[in-house]
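Novice: pasting a predicted model and its sequence here:
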Amino acid sequence: MTTTRSSTPVASTDRVSDVLARDEALVEIFVRHSAHFEKLRSVTMRRVMARLVTVAQAARIAGVHVDTLVRDLNEALQLDAGHAAGIEVIEEDNGARPTALRDVELDVREDMRTGREPFSRIMAAVAKLGADEVLHLRTIFEPVPLFGLLEKRGFSHEASRHSAHDWSIWFWRTDRELREPLDPEAPAHAGTHDIDRPTVWLDVRGLEPPEPLVRTLAALEALPDGHELVQINARVPQLLFPLLAERGFACEIDDSSADVRVRIWRAGGG
């Protein structure tokens, strides 16, 4: 069991990955509050999911007050949370959903119940969304990490809880008259590869999801300055692209042969 001792109390703004790095046994606290976090028992899933979610967002997904989750985590670590650690992060008001837009329905509840990854279906639907349409997404919990990702792409949202495991989320373009539809086949942060850099090769062919994604993100964390990573894949890794954008990487895809090669480098040129 991996344990990293720290005397600093867990705060609502901490990433779940950082919390679990203190003590892997803390996964039981998350699971106790919501069965949605059962996936965190998998080391590979933790490396993908836990880095995207803060403690405050995890509390929202679980449907518990953030102070409760922060308190339970700190009690398990035998730490005093103090008075400021559990300050709740309030979502920015996106404004009223335009009622004149046409609903495009996407139900991923069964995918989520059976453990299938719905992200690619969601992003494909978002990419095809017209200026006069709103995506009506049905989920079994509030997909908080998705809000920030799509906000960066110019989308607002509205969420409604029907029951403990039934949510409606609507996404629509904020500047509908100015924005062009997203290309569903394009990476979120494409670029032009015009500089020769030392190359690190990563072959993920034959690996089961999410292992290709996990290994690629780990390789990028260790990528030396001035280098680029070339991932060799059996398919275009759609789930990778928004994560690259969030981390400040650009990429270029070559799918002209049987194997797909994704060339990745830091967008700032470092």
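Specialist: Received the coordinates, thanks.
Novice: check contacts around residue 29.
Specialist: 69, 72, 73, 76 (C-beta atoms under 8 Å, 6 or more residues apart in numbering). All C-beta atoms are positioned from the backbone trio N, CA, C, and that covers glycine.
Novice: how does it look with 7 Å?
Specialist: By C-beta atoms under 7 Å, 6 or more residues apart in numbering, the contact list for residue 29 reads 72, 73, 76.
Novice: likewise residue 157?
Specialist: Neighbours of residue 157 in contact, by C-beta under 7 Å, 6+ apart: 94, 147, 150, 169, 170, 171.
Novice: where does the residue nearest the centre of the chain sit: helix, strand or coil?
Specialist: Nearest to the geometric centre of the chain sits residue 52, at 4.8 Å (C-alpha atoms, centre = their mean). Following DSSP: H, G, I helix; E, B strand; the rest coil, we place residue 52 in the coil state.
Novice: mean confidence for the helix or strand encompassing residue 121?
Specialist: Secondary structure assignment for residue 121, by DSSP states H and E: helix 119-127. The average pLDDT within helix 119-127 is 81.
Novice: could you do stretch 43-55 as well?
Specialist: 73.
Novice: so which helix or strand of the protein has the lowest pLDDT on average?
Specialist: Here the helix or strand of the chain ranked lowest by mean pLDDT, DSSP states H and E is helix 43-49, holding a mean of 69.
Novice: which helix or strand lies directly C-terminal to it?
Specialist: That would be, after helix 43-49 and using DSSP H and E, helix 55-62.
Novice: residues contacting that following helix, please?
Specialist: 10, 12-14, 16, 19, 30, 33-34, 36, 65-66, 69-70, 88-89, 141-142, 144-145.
Novice: what's the answer for stretch 13-20, then?
Specialist: Outside stretch 13-20, the residues that reach it (C-beta under 7 Å, 6+ apart) are 10, 26-27, 46, 50-51, 53-56, 58, 73, 89.
Novice: now do the SS call for the residue lying closest to residue 137 once chain neighbours are set aside.
Specialist: Spatial nearest neighbour of residue 137, chain neighbours left out: residue 169 (4.4 Å); criterion: C-beta to C-beta, 6 or more residues apart in numbering. Following three-state DSSP, we place residue 169 in the strand state.
Novice: now which of the contacts of residue 29 would you call buried?
Specialist: 72, 73 (16 or more other C-beta atoms under 10 Å).
Novice: make a markdown table from the contacts of residue 29 and add distance to residue 228 and pLDDT to it.
Specialist: Below are the contacts of residue 29 laid out as a markdown table (distance: C-beta to C-beta, whole Å; pLDDT from 0 to 100):
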| residue | distance to residue 228 | pLDDT |
| --- | --- | --- |
| 72 | 43 | 94 |
| 73 | 38 | 94 |
| 76 | 42 | 93 |
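Novice: and of the contacts of residue 29, the nearest to residue 201?
Specialist: Nearest to residue 201 among those, counting by C-beta to C-beta, is residue 73 at 39.6 Å.
Novice: the residue nearest to residue 236 when sequence neighbours are not counted: neighbour count?
Specialist: Leaving aside its chain neighbours, residue 236 sits nearest to residue 260 (5.5 Å; criterion: C-beta to C-beta, 6+ apart). Number of residues near residue 260 (other C-beta atoms under 10 Å) recorded here: 17.
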